[in-house]
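Engineer: fold the following for me, if possible:
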Amino acid sequence: MNVLKISQPHKSILAQVLAILLPIPIILYTNTKNIIALGLLIAVAIGFLIFKYRLEKYVLLFALLLVPFSVELEVLTGLKVALPAEPLVGILATATCFNILFGDPKLRKILRSPLMIVTLVYVGIMLCISTVSTMPIPSFKFSLVNISYLLGFFILPVILMNEKRLHYKDIIVVLAVSFGCLTIYTSCNYVILGNIADVSAIVPQPFYKDHTIHSATLSLIAPLLILAPKYIKGRWSWLLCIVGVAAFTTMVIAGSRAAWMGFLAAIGLGVMVYFKAKIWHLMMIIIVALGLGISFWNDIEEHFFTNTMDSSAFDSSVEEQVKSLSNVTSDVSNLERLNRWKCAIRMFKDKPMTGYGPGTYQFQFIPFQLSYETTPISVFSPYGYKDGTGGTAHSEYLLALSEMGIFGGLAVVLLMFGVVFVTVQQAPSVSHKKWLWIALTIGIGSFIVHGFLNNFLNSAGFGIIFWMLLSILESNRKGQVA
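Structural biologist: Residues are numbered from 1 along each chain as shown. Okay, the predicted model is just below:
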């Protein structure tokens, strides 16, 4: 397709876009409440121009470079936007739509891959449930934002990599530069602020709200960078490795137990990929683990209720932090997580088919708290809570159940199982890219495990990186469109 020549359909679209944009000054002058609609229209216009002049690669990499440095600001009363990430996400999402509608028809085959299908099922259910949400406007906004992440940082990169306009190495280098700079920033904060145990929650601010989401994001990219010399030729790949080691060290120092647990479990999945294990091997391991858990449940339960290790204790060691994971009697962080989980389960029981609607947990869970289950960091209002006490269900899976009912919960499980299935089942057929595959497996796998303890997929700083890694996985699997 000759991109320098505008076809008749494109001329028609461009004319409509210009006709919409011309009245902008008048609309802004008469009613500032229309700024959201205007923002969407501008995103459509810019998205068309990006598609027309084939600039998607450069805007995508530029957005990826800036994502870790986005700051959430209130642009209108009650409307917070992560700048500059979310405007760039909107522009890339519209450019993706133009690519799907007017690009090479052969590339639409990517929408029929197994991983793409389960992803589309997930967002389809999200949209359907939004129509019956208890809070339709927040639900549709939540769905639109998450679908934009998927369009701009999963589907678009897959299209570009299949057209040979983008290489996965470009993505990895940009991630290294971006998170390398962020690691320098957080390291300087550690030096300036002093005691690690006291400041780890605030050193990534204002770019990441706390150490948990920051650590979760680092666990995604650290394996890709550490193993870079194994799948990228050239001495410069060792620079990527150094950045990866620095990112991993920052993750460990930050003290996020969920990130540690997810990363360690994902290494086991990476070992399975290394030895080209089959999916049934993984199923057997899970069944044996469940069997052992049931057999020794009395001992495990006794350990839970006798463990006194506290993650918030002053100068607690890494060993004590890890051991505190099973303290369900006095560790405030664990108790609050249990409180949120129980609220999610009660919400699911109240509306098992549809849930309360995507993006509504933080507004709806408060009445489901029981007074004897609340903690000093419990939240009793969805607005104006103290830093470090926010968050939602602290579980991707329970969050989906509470907000989207049984169908949403199954969709999330199907998506995660689909990713695991692809990584394990396809490992023998991508042996020439073994170490890239292992790195992706550990990074994405860490989130799948971490998802039991926290939920960050709807946050720009984490969700965008996750979908980006998934695009590399999808583009490098056997049978993908060349």
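Engineer: domains for the chain, by residue range?
Structural biologist: The record's domain parsing of the chain by automatic domain parsing lists 8-103, 128-482.
Engineer: show me what counts as buried in the biggest helix by length in the chain.
Structural biologist: Looking across the chain with DSSP state H, the single longest helix is helix 396-425. By neighbour count with 16 or more other C-beta atoms under 10 Å, helix 396-425 contains the buried residues 396-405, 407-412, 414-416, 418-425. (Each C-beta comes from the backbone N, C-alpha and C, glycine too.)
Engineer: just how off-centre is the helix or strand harbouring residue 101 within its chain?
Structural biologist: Take DSSP states H and E as the rule and residue 101 turns out to sit in helix 85-102. The chain centre lies 18 Å from the centre of helix 85-102; the measure is C-alpha atoms, centre = their mean, to the nearest Å.
Engineer: against which helices or strands is that helix packed?
Structural biologist: Using 3 or more C-beta pairs under 8 Å, 6 or more residues apart in numbering; DSSP states H and E as the contact test, the elements touching helix 85-102 are helix 35-52, helix 56-66, helix 136-150, helix 156-162, helix 460-476.
Engineer: nearest to residue 354, of those helices?
Structural biologist: helix 136-150 (10.6 Å; C-beta to C-beta).
Engineer: buried ones in that closest one?
Structural biologist: Result for helix 136-150 [16+ other C-beta under 10 Å]: buried residues 138-150.
Engineer: quick one: residues in contact with it.
Structural biologist: 86, 89-90, 92-93, 119, 123, 126-127, 129-130, 133, 357-360, 363, 457-458, 460, 463-464, 467 (C-beta atoms under 8 Å, 6 or more residues apart in numbering).
Engineer: can you count the residues close to the nearest residue to residue 70 once chain neighbours are set aside?
Structural biologist: Closest residue in space to residue 70, ignoring its immediate chain neighbours: residue 85 at 3.7 Å, by C-beta to C-beta, 6 or more residues apart in numbering. Residues contacting residue 85 under the criterion other C-beta atoms under 10 Å number 24.
Engineer: one more: residue 258?
Structural biologist: 22.
Engineer: now residue 437
Structural biologist: 26.
Engineer: point out where the stretch 201-350 of the chain drops to low pLDDT.
Structural biologist: Applying pLDDT under 70 to the stretch 201-350 of the chain flags residues 301-305, 307-325.
Engineer: which residues in the stretch 301-450 of the chain form helices?
Structural biologist: In the stretch 301-450 of the chain, the segments counted as helices under DSSP state H, counting those that start in this stretch are 318-323, 332-350, 361-364, 396-425, 434-450.
Engineer: need those helices in TSV with distance to residue 178, can you?
Structural biologist: Listed next are these as TSV, based on distance: least, C-beta to C-beta, whole Å:
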stretch	distance to residue 178
helix 318-323	27
helix 332-350	29
helix 361-364	28
helix 396-425	23
helix 434-450	15
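Engineer: quick one: which of those is nearest residue 174?
Structural biologist: That would be helix 434-450 among the helices of the stretch 301-450 of the chain, by C-beta to C-beta, at 15.4 Å.
Engineer: packing partners for the closest one?
Structural biologist: The helices and strands touching helix 434-450, judged by 3+ C-beta pairs under 8 Å, 6+ apart, are helix 211-226, helix 228-231, helix 257-274, helix 396-425, helix 460-476.
Engineer: can you list those in JSON lines and add distance to residue 440?
Structural biologist: Shown next, in JSON lines, are the helices and strands packed on helix 434-450 (distance: least, C-beta to C-beta, whole Å):
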{"stretch": "helix 211-226", "distance to residue 440": "7"}
{"stretch": "helix 228-231", "distance to residue 440": "10"}
{"stretch": "helix 257-274", "distance to residue 440": "9"}
{"stretch": "helix 396-425", "distance to residue 440": "7"}
{"stretch": "helix 460-476", "distance to residue 440": "5"}
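Engineer: thinking again about what came up before, what's the most buried one of the domains of the chain?
Structural biologist: domain 128-482 (a mean of 19; mean count of other C-beta atoms under 10 Å).
Engineer: ok now it, how far from the chain's centre?
Structural biologist: 7 Å.
Engineer: residue 453 in helix, strand or coil?
Structural biologist: Three-state call for residue 453 (DSSP: H, G, I helix; E, B strand; the rest coil): coil.
Engineer: confirm for me that it is in contact with residue 265.
Structural biologist: No: contact criterion C-beta atoms under 8 Å: residue 453 and residue 265 do not qualify, at 11.0 Å.
Engineer: coming back round to it: closest to residue 207 out of the helices and strands packed on helix 85-102?
Structural biologist: helix 460-476 (7.0 Å).
Engineer: can you give me the angle the closest one makes with helix 396-425?
Structural biologist: Helix 460-476 runs at 30 degrees relative to helix 396-425, counting by axes from the mean of the first three to the mean of the last three C-alpha atoms, to 10 degrees.
Engineer: what is the mean pLDDT for helix 460-476?
Structural biologist: Taken as a whole, helix 460-476 has an average pLDDT of 93.
Engineer: OK, contacts around residue 39?
Structural biologist: Residue 39 makes contact with 87, 90, according to C-beta under 8 Å, 6+ apart.
Engineer: coming back round to it: got a list of contacts for the helix holding residue 101?
Structural biologist: So helix 85-102 is contacted by 9-10, 39-40, 43-44, 46-48, 50-51, 56, 59-60, 62-63, 66-67, 70, 81, 107-108, 111, 145, 147-149, 151-153, 155-156, 159, 460-461, 464 (C-beta under 8 Å, 6+ apart).
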